[in-house]
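S.K.: compute the structure for the input listed below.
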Amino acid sequence: MKEPINNTSTRNEITNNQKFLIMTFFAVTLILIGFFIDSPKGIIKGIGKIIIYPDTLITDYIGVGGMGATFVNSGILTLVSIGILYKLKIKFNGVTFASLFLMAGFAFFGKNIFNVWFIILGVYLYSKYQKDTFTKYVYVSLFGTAMAPMISQLLFSIEAHFIVRVFLGVGTGVFIGFILPPLSTYLLRVHQGFNLYNIGFAAGIIGTILVSIFKSYGIIPEPRMVWTTGNNQIFSVYLFSLSISMILLGYYLNEKSFKNVENIMKRSGRLITDFTLLYGYAPSLINMGINGIAAISYILLIGGDLNGPTIGGIFTIMGFGAFGKHIKNIIPIFLGVSLGALTKNWGIQVPAIQLAALFGTALAPIAGEFGWKYGILAGFIHSSVVLNVGVLHGGLNLYNNGFAAGIVAAALVPCIEAFRKEEI
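M.R.: Have a look, this model is predicted:
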């Protein structure tokens, strides 16, 4: 697909501090919702359960610590992540949106206010080893918390002396963070930017190796399935309200127009495509809200569940609405995964398939670059691959779909490029 010429952003672009302030408001809102739902005592107790619970895939924190504690966990983790980026004087752009919404989303099922920091520390130590500033690697550190469940597993779930568990948990987390930057940079070449969750691909490789080693010593992660239901109405109100508010705010900041939103949808989304740098903050915000409505609607239309894991998927799609995703390149993935579910040995409402559709939009650039038919094909293949790679890392890589998408893109893209007819 031919990329449209870069357009200038809106003249009334808000300041960097104001962008961080808007994101901070979102994080604080999560905390306030949590305290509205539950008492401080219940939230503290719930967060304690979340921290020590083995959170291998799929572990819905709402079913572990309660709805209030889950929202507060998400809000605090997002708020601290914002603080790190602000302290480092990061320029707010598309990857900022993507990383923060991803942190907020996965704090509903796998990341908590305790288990992410050792990986971040490992990336920080790598930056010092390379004599670089942490600013250069901070996004890798945030995305790299995909492996956070491994720290929880080693610290709280294995049968060993406390000192051994601390040594393994902390040491493994730091090690993961230390090797993620070079590995993720290298693996980007493998899928050529057609997998938006590149860190998930790297985390899957690391997880496969580490879990294989741990299994050799009898440390075997147990599969989990904590999946809550029955909250579609309350979460629909919250998520639709959030999405619509983003569209309205973006519309207001975009000189009360939808200018440049159409241009966003002409982009393939292939890494690295930062919509905020190309078209501005406000059009990107509108696109994020549209993505949110599309993702929520998909789950409701198939009779799925709005819960911790699917909220994580919806937040991720919204965040990447500033960094590669739009309705024209995610809908073919939805269709491909749905087609796979309808023609194979599982239903469209199976939890893993619901997540495959949401997180499978990592492959959106294939639809954006080669057309909707290839997007459907990518989603169709992904629906099978994603169900079979989790065993390799024992469910300890939260970005299992990113791992699967890397494999699909690495195999599919060269074939598409070799055999498709050139467009005239």
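
S.K.: for Ala160, what are its contacts?
M.R.: Leu168 (C-beta atoms under 8 Å, 6 or more residues apart in numbering). C-beta coordinates here come from the backbone N, C-alpha and C atoms, glycine included.

S.K.: so it versus Tyr53, what's the distance?
M.R.: 18 Å (C-beta to C-beta, to the nearest Å).

S.K.: His382 and Ile366 touch, don't they?
M.R.: No: the criterion here is C-beta atoms under 8 Å, and His382 misses it with Ile366 at 9.8 Å.

S.K.: looking at these two, which is more packed in?
M.R.: Neighbours per residue (other C-beta atoms under 10 Å) separate His382 from Ile366, with Ile366 holding more: 33 against 29.

S.K.: ok, the more buried one to Pro283 distance?
M.R.: Counting by C-beta to C-beta, the gap from Ile366 to Pro283 is 23 Å.

S.K.: count the neighbours of the nearest residue to Arg420 once chain neighbours are set aside for me.
M.R.: Nearest non-adjacent residue to Arg420, counting by C-beta to C-beta, 6 or more residues apart in numbering: Phe370, 6.7 Å away. Phe370 has 22 neighbouring residues, counting by other C-beta under 10 Å.

S.K.: next: Ser212.
M.R.: 12.

S.K.: tell me the pLDDT at it?
M.R.: In this prediction, Ser212 carries a pLDDT score of 95.

S.K.: may I see the buried residues of the helix or strand containing it?
M.R.: Here Ser212 sits within helix 198-216, counting by DSSP states H and E. Going by neighbour count (16 or more other C-beta atoms under 10 Å), the buried part of helix 198-216 is 198-208, 210-211, 214.

S.K.: what's it packed up against?
M.R.: If you count contacts as 3 or more C-beta pairs under 8 Å, 6 or more residues apart in numbering; DSSP states H and E, helix 198-216 packs onto helix 138-143, helix 162-191, helix 372-393, helix 400-419.

S.K.: go through those and name the closest to Asn254.
M.R.: Of all the helices and strands packed on helix 198-216, helix 138-143 sits nearest to Asn254, with 25.7 Å by C-beta to C-beta.

S.K.: run the chain-centre distance for that closest one.
M.R.: Mean C-alpha position of helix 138-143 versus that of the full chain (C-alpha atoms, centre = their mean, to the nearest Å) differs by 12 Å.

S.K.: let's see whichever helix or strand comes after it as CSV, backbone CA atoms only.
M.R.: Next helix or strand after helix 138-143 toward the C-terminus (DSSP H and E): helix 148-156. Extracted C-alpha coordinates of helix 148-156, given in CSV (Å, rounded to 0.1, in the frame of the first residue of the first chain):
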residue,chain,number,x,y,z
ALA,A,148,6.3,-10.4,35.1
PRO,A,149,4.5,-13.7,35.9
MET,A,150,7.8,-15.5,35.9
ILE,A,151,8.9,-13.4,38.9
SER,A,152,5.7,-14.2,40.8
GLN,A,153,6.0,-17.9,39.9
LEU,A,154,9.5,-18.1,41.3
LEU,A,155,9.0,-16.0,44.3
PHE,A,156,5.7,-17.4,45.5
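
S.K.: got the contact list for helix 148-156?
M.R.: The contact list for helix 148-156 (C-beta under 8 Å, 6+ apart) reads 51-57, 59, 110-112, 114-116, 118-119, 165-166, 168-170, 172-173, 176, 207, 210, 219, 221, 395-398.

S.K.: just the buried subset of the residues you listed, written out for ChimeraX, thanks.
M.R.: Buried members of the contacts of helix 148-156, defined by 16+ other C-beta under 10 Å, are picked up in ChimeraX with:
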select :51,53,54,55,56,57,59,110,111,112,114,115,116,118,119,165,168,169,170,172,173,176,207,210,219,221,395,396,397,398
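
S.K.: so what does the helix or strand containing Gly289 touch, helix or strand wise?
M.R.: Secondary-structure assignment from DSSP H and E places Gly289 in helix 281-301. Secondary-structure packing of helix 281-301 (3+ C-beta pairs under 8 Å, 6+ apart): helix 94-106, helix 232-253, helix 261-264, helix 275-279, helix 308-319, helix 327-343, helix 351-359.

S.K.: any low-confidence regions in the stretch 151-300 of the chain?
M.R.: Counting by pLDDT under 70, the stretch 151-300 of the chain contains no low-confidence residues.

S.K.: who's in contact with the one helix or strand Leu21 maps to?
M.R.: Using DSSP H and E, Leu21 falls within helix 16-37. Residues from elsewhere that reach helix 16-37, judged by C-beta under 8 Å, 6+ apart: 43, 66-76, 78-79, 82, 85-86, 91-92, 96-97, 100, 104, 238, 242, 249, 281.

S.K.: buried residues in stretch 138-154?
M.R.: 138-154.

S.K.: what about stretch 199-218, distance to the chain center?
M.R.: Worked out by C-alpha atoms, centre = their mean, stretch 199-218 lies 20 Å from the chain centre.

S.K.: same question but for stretch 231-242, I mixed them up
M.R.: From the chain centre to the centre of stretch 231-242 is a distance of 19 Å (C-alpha atoms, centre = their mean).

S.K.: okay, it in CSV with CA atoms only?
M.R.: Extracted in CSV, the C-alpha atoms of stretch 231-242 (Å, rounded to 0.1, in the frame of the first residue of the first chain):
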residue,chain,number,x,y,z
ASN,A,231,-19.9,-7.9,34.3
ASN,A,232,-20.6,-6.9,30.7
GLN,A,233,-23.1,-4.2,31.5
ILE,A,234,-21.0,-2.2,34.0
PHE,A,235,-17.8,-2.6,31.9
SER,A,236,-19.6,-1.6,28.7
VAL,A,237,-20.7,1.7,30.3
TYR,A,238,-17.2,2.4,31.5
LEU,A,239,-15.4,1.4,28.3
PHE,A,240,-17.8,3.1,25.8
SER,A,241,-17.7,6.2,28.0
LEU,A,242,-13.9,6.2,27.9
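
S.K.: for Ala378, what are its contacts?
M.R.: The contact partners of Ala378, by C-beta under 8 Å, 6+ apart, come to Pro332, Ile333, Gly336, Leu363, Ile366, Ala367, Val408, Ala409, Leu412.
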